[in-house]
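> Dropping the sequence and predicted coords here.
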Amino acid sequence: MTVRDLVVDLFSHHIDAVTDEPVRLQALVALLEHFHVAEPTSRMTMATLRRYGWLAASRRGRETLYTPTEVLRSSVRTRWTRLDERLGPWDGRWRMVIYTVPETDRSARERVRRTLARHGFGPLAPATWLSPHRVALDDVRIELAGEPISRLDLLTAQVTEETGCSDTDLAARCWDLQGVAAAYRQEIARLRAVLAGPTPDGPQALVTHLRALASVRRTSTADPVLPDALRPAGWPGAEMREAWSEVCERLLGPAREHVAAVLARPEPAQRCTEDMSG
């Protein structure tokens, strides 16, 4: 979990839930100290997010205040919207991407592969990738527009009986579904261990929640979120969601109470001028 990801999660999952007011830099520094993030690193991260337009900065006396922008909030919403779209009914058709990248441009070829994987495509062949999700085709069309691709074919295909291959066969060839399921079960065990222990106090609840969130997201990245018809029997996705929901129910209350308390602390009587130049 990078400090940048940590700040985004802190705002989107906790700060936004307790206030819509700008947040003092020193309060953010205090919250990030729970994660052993040094103050200079916190300041640098806030400045970077400001430059990218994810945070807006303002002044109140000598204090620097930060507010999440629509760019940050839209990024979080988009992530959940894409998941919801992929959990909808499947029309039984595959979306296929066939591309050609100049052999000498290895970096471009690797970027194309990372883009396709990030949008839930799996490799049927080195330059032929599949996804069951209609919206995925639209996503990669936009994102690959700036890549130096010699040829890009975006197709819709359907398995027929004459091929001797089934949809589940294709899914098993394109993704390591057994590996994803094993990773989910390991994550479920970690979440269950959290639930088996006592409810942590505010600071520890905040740390536990955001670290667990990062771990769940990292594990889920490899999941193409396939329709039920394409998943192996005993798929642990539902159990994973249930365990995560229980962890959130346990931790969010004390974590947000602590965040609210830190944000409500009075400003120091005297401080050196904060740097907004970044």
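Cool, got the structure.
> So the residue of the chain most remote from its centre: helix, strand or coil?
The C-alpha centroid of the chain is most remote from residue 162, which lies 39.8 Å away (Cα atoms, centre = their mean). When classified by DSSP: H, G, I helix; E, B strand; the rest coil, residue 162 comes out as helix.
> Now do the phi/psi pair for residue 132.
Per-residue torsions, residue 132: phi -80, psi 0 (degrees, to the nearest 10).
> residues touching residue 215, list them.
Residue 215 is in contact with 187, 190, counting by Cβ atoms under 8 Å, 6 or more residues apart in numbering. Where C-beta positions appear, they are placed from N, C-alpha and C, glycine not excepted.
> would it count as being in a strand?
No - Residue 215 is assigned helix when assessed by three-state DSSP, not a strand.
> Could you list the low-pLDDT ranges of this protein?
80-85, 268-278 (pLDDT under 70).
> just to revisit the earlier point, what separates the residue farthest from the centre of the chain from residue 95, distance-wise?
21 Å (Cβ to Cβ, to the nearest Å).
> mind giving me the domain split of the chain?
Structurally, the chain divides into domains by automatic domain parsing as follows: 93-157, 177-255.
> What does residue 55 show for phi and psi?
phi -130, psi 150.
> Hmm, residue 67 and it touching each other?
Yes - between residue 55 and residue 67 there is a contact under Cβ atoms under 8 Å: 6.8 Å.
> more neighbours, the two?
Taking other Cβ atoms under 10 Å, residue 55 and residue 67 do not tie; residue 55 has more neighbours (25 against 15).
> Any idea what that one is bridged to?
residue 68 (DSSP bridges).
> Number the chain from 12, please
Renumbered: residue one is now 12, and that last one reads residue 66.
> what's near enough to touch it?
57, 60, 77-80, 83.
> For residue 15, see how far away it is.
11 Å.
> same deal with residue 52?
From residue 52 to residue 15 the distance is 10 Å (Cβ to Cβ).
> just residue 68 next, same as before
Separation of residue 68 from residue 15 (Cβ to Cβ) stands at 16 Å.
> quick one: which of these two has more around it?
residue 68 (17 against 14).
> What strand or helix carries the more buried one?
Residue 68 is part of strand 66-71, with elements assigned from DSSP states H and E.
> Now do stretch 143-156: everything it contacts.
Under Cβ under 8 Å, 6+ apart, the answer for stretch 143-156 is 93, 96-97, 101-102, 104-106, 108, 110, 123, 126-127, 130-132, 142, 163, 165, 167, 182, 236-238, 241.
> Show me how to select, in ChimeraX, the buried members of those.
In ChimeraX syntax, the buried subset of those is picked out as below (16 or more other Cβ atoms under 10 Å):
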select :93,97,101,105,106,108,110,123,126,127,130,131,132,142,163,182,236,237,238,241
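> Confirm for me that residue 140 is in contact with residue 129.
No - counting by Cβ under 8 Å, residue 140 stays clear of residue 129, with 11.6 Å between them.
> Look at these two and report which has more neighbours.
More neighbours surround residue 140 than the other of residue 140 and residue 129, with 25 against 13 (other Cβ under 10 Å).
> give me phi/psi at the closest residue to the more buried one other than its chain neighbours?
What sits nearest to residue 140 in space, not counting adjacent residues and going by Cβ to Cβ, 6 or more residues apart in numbering, is residue 132, at 4.0 Å. Main-chain torsions, residue 132, degrees, to the nearest 10: phi -80, psi 150.
> For residue 132, give me its contacts.
Residue 132 neighbours (Cβ under 8 Å, 6+ apart): 106, 108, 140-142, 147, 151, 185, 235.
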